[in-house]
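Colleague: Predicted model and sequence follow; I will ask about them next.
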Amino acid sequence: MIISQDTKEVVKFLQDSSGGNLRKPNDLEIFLEIGATFGQENLINDFIFNGASIWYLFEALKKTKQGEEGFNKLDVELKDNLIKFQSQINTFISFSDDGTNQRIKNVYLQNTQGAYLNLLDLAHDLSELKYVQNKMKSKK
């Protein structure tokens with residue numbers, strides 16, 4: 001998949017604003033490019049929101065001990081959002097070429113610990129994007 005210069009610049013800006021903290025910048029470029037190329041603004045906005053939610057839920061769950069009040073609720077909500085996230089990824093790859101499609105499936109859509117960690121890394125990057133979006137909105 002060819003990534004446009006505009007998309008590369010958005011991700012570079014995000015990488016710079018996050019202090020070089022992005023974990024999956026190349027994949028973030030792919031999802032943003034698909035969204036822009038195929039006019040999937042609602043999908044990309046929902047994807048960013050859901051990714052940020054996953055990251056915040058994951059962080060909250062890490063701070064909550066198993067058995068504490070709210071732990072099970074956070075855990076269920078995180079799992080539900082991850083299922084939705086994978087569904088969104090499936091929608092994105094329905095627009096992609098076969099090579100990109102297979103790679104994304106291998107990285108994010110397997111039932112493995114590695115795929116789970118990759119989903120969290122992508123969610124982290126989307127939370128960084130959501131943070132920048134919110135910061136820019138508040139300046140207006």
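Modeller: On my side now, so go ahead.

Colleague: residue boundaries of the strands in this structure?
Modeller: For the chain, applying DSSP state E gives no strands.

Colleague: what pLDDT, on average, does the longest helix along it get?
Modeller: Scanning the chain for the longest helix, with DSSP state H as the assignment, gives helix 113-139. On average, the pLDDT along helix 113-139 is 96.

Colleague: before we move on, what about stretch 60-71?
Modeller: Here the average pLDDT along stretch 60-71 is 90.

Colleague: For it, what is the distance to the chain centroid?
Modeller: Offset of stretch 60-71 from its chain centre (C-alpha atoms, centre = their mean, to the nearest Å): 23 Å.

Colleague: what's the span of that stretch, first residue to last?
Modeller: Using C-alpha to C-alpha, to the nearest Å, the end-to-end distance of stretch 60-71 comes to 9 Å.

Colleague: what separates the longest helix of the chain from the chain centre, distance-wise?
Modeller: Per C-alpha atoms, centre = their mean, the centroid offset for helix 113-139 relative to its chain is 6 Å.

Colleague: same deal with stretch 3-16?
Modeller: The answer for stretch 3-16 is 15 Å, by C-alpha atoms, centre = their mean.
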